[in-house]
Each structure stands twice: as structure tokens, then as C-alpha cells.
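Student: show me the folded form of this:
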Amino acid sequence: MPGPKSPPPTPALETTVLAKSYGDLVALAPLDLTIPDGQRVVLVGHNGSGKTTLLRMVAGLLEPSDGRALVFGHPAGSMEARAALSYLPDNPVLYDDLSVLEHIEFTCRLHGAEDWEERAVGLLSDLGLAGRAEDLPSRFSRGLRQKTAIVLGLVRPFGLLIVDEPFVGLDPSGREAFIELMDDAAASGATVVVATHQLEYVETVERCVALRDGEVVYDGPPGDTDVLALVGQ
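Tutor: Numbers count the residues shown, from 1 in each chain. The predicted structure is shown next:
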């Protein structure tokens, strides 16, 4: 007789009627979304479509009005979910009095990263920050602050990487380096979810989720539809 069936693998991200509203304003309509472990997904939509609202709720930084989000089976915002998820916001939050290296060490120790020094050196080199490691990122330009946040997001352990508008402020070499680093993370088994207006990147992933006015208007391969027409851009 055949043995018992193995349980299905736990999704990297699962939302059930996840919603956010502010009075009569619906920021995100009830959303059911399942993203398998290891998938690369891009979120597209105009400003105010609900992308950032969704990512902030998944990261545990915004309380939903209804529903729930699970990260590898753990409630968003729980210690287990925070340990498994690395979130790069569209506006990096950095400490005024810590150097780039001090930010890195603080982040790695906070998340129990091991042998992080070599990884940090590689990331700093990839993003052109090797000569700025002792500087205070609070004095950096928007692009350099974004590169610093990328290093902090990638140097720590994670199973799910969620990124909100990562290419804003990055020069062409920075965009290329970050795309390669996200590809490396995916090749290593991580799930990568990116909200972006950069359509060149959309074409490189397996799945596109388009939002418009807080609702999903498309969920499928990026090459099967006119994404610009769907999101009204």
C-alpha cells in the first residue's frame, strides 16, 4: 500500500482576505495571495495602488484592517516571521550616528548572522561602497543611502526578500548590481518579491501581480498581458 502523502510545502507568503482601509478609503481590498517558496514575483501598479500597503503589512509594520498574512506559516510581525523576512523599504531608515560598517555589524548580530564579514565585503564592493564603509550614511545622497540599505537587507539571513521600489535613486551600475544580487538570492533558494515601475525587471521574473486602486487586476506570467494597460500607466 502507498504510504501517507507528504504535506504540501509551506508557502513563503500567504495572505487570506488581507485588507487595509482608512475610513471610506480602501488602500487594499481583501486579498488572497499565495507565493510558493523559491518563486520570483513582481508587484506593479501606479502610486497608491496598494503595493506599499501590502508589503508593509507582510513585514509586520502595518496592522491590517482584516485578514492575515503568513510568512512561512508564521503570522506577519511575529519573531519567526521577522527572522525569515528581509524588507527593503522605498525610503531607507538609517541611524544618524552609525557608520556603514556599524550598521552592518548591528544588523548581522541582531539577526544572528554568522561569518558575515566576508559577505559584507563582497556586497560593499558589488555596490561601489567599499571606500565609504567608515562613513555615516546619514550624510549620503539618496542613491548611496539606497545602496547601504541594500547591503543591510542582503547581508543578513532570510528566506523571503521583499523590496519596495528598489531602483529609485540608483545609477545604472547600481541597478545592474542589485538585479544580479537579487538573482543570486533567488538562485540560492530565496523567495523574492519586488514592487517596481521598472518594466525591464518585470520581464525577468516568473510571475507578475498587478494592482490597481487596491485590487488585483492580473496575476500570471508577465509576458501574457499588457501590464501598462492593466495598471493604467
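
Student: how about the strands in this protein?
Tutor: 13-22, 25-35, 40-44, 66-71, 74-75, 85-88, 160-164, 191-195, 207-212, 215-220 (DSSP state E).

Student: turn those into TSV, including mean pLDDT.
Tutor: Converted to TSV, the strands of the chain look like this (pLDDT from 0 to 100):
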stretch	mean pLDDT
strand 13-22	96
strand 25-35	95
strand 40-44	95
strand 66-71	97
strand 74-75	98
strand 85-88	96
strand 160-164	97
strand 191-195	96
strand 207-212	93
strand 215-220	92
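
Student: got the ones you listed as CSV, with mean neighbour count and distance to Asp115 columns?
Tutor: Every C-beta, even on glycine, is put in place using the N, C-alpha and C of the backbone. Converted to CSV, the strands of the chain look like this (neighbours: other C-beta atoms under 10 Å; distance: least, C-beta to C-beta, whole Å):
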stretch, mean neighbour count, distance to Asp115
strand 13-22, 18, 28
strand 25-35, 18, 29
strand 40-44, 24, 26
strand 66-71, 18, 25
strand 74-75, 15, 26
strand 85-88, 22, 17
strand 160-164, 23, 19
strand 191-195, 24, 22
strand 207-212, 21, 32
strand 215-220, 16, 38
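
Student: this protein: helices as residue ranges?
Tutor: Assigned by DSSP state H, the helices in the chain fall at 51-58, 79-84, 100-110, 116-126, 142-155, 172-187, 199-202, 227-231.

Student: distance of the residue nearest to the spatial centre of the chain relative to Pro137?
Tutor: Central residue of the chain (C-alpha atoms, centre = their mean): Ile162, 1.2 Å from the mean position. Distance, Ile162 to Pro137, using C-beta to C-beta, to the nearest Å: 21 Å.

Student: ok, His197 next?
Tutor: 24 Å.

Student: when these two are compared, which one has more neighbours?
Tutor: Pro137 (25 against 16; other C-beta atoms under 10 Å).

Student: isn't that one right next to Asp97, touching?
Tutor: No - with contact defined as C-beta atoms under 8 Å, Pro137 does not count as touching Asp97 (10.7 Å).

Student: dihedrals phi and psi, His46?
Tutor: In terms of degrees, to the nearest 10, the main-chain angles of His46 are phi -70, psi 170.

Student: that one and Arg212 touch, don't they?
Tutor: Yes - His46 lies in contact with Arg212 (C-beta under 8 Å); the separation is 7.1 Å.

Student: not counting sequence-adjacent ones, nearest residue to Gly189?
Tutor: In this structure, Gly189 finds its nearest non-sequential neighbour in Gly38, 5.8 Å apart by C-beta to C-beta, 6 or more residues apart in numbering.
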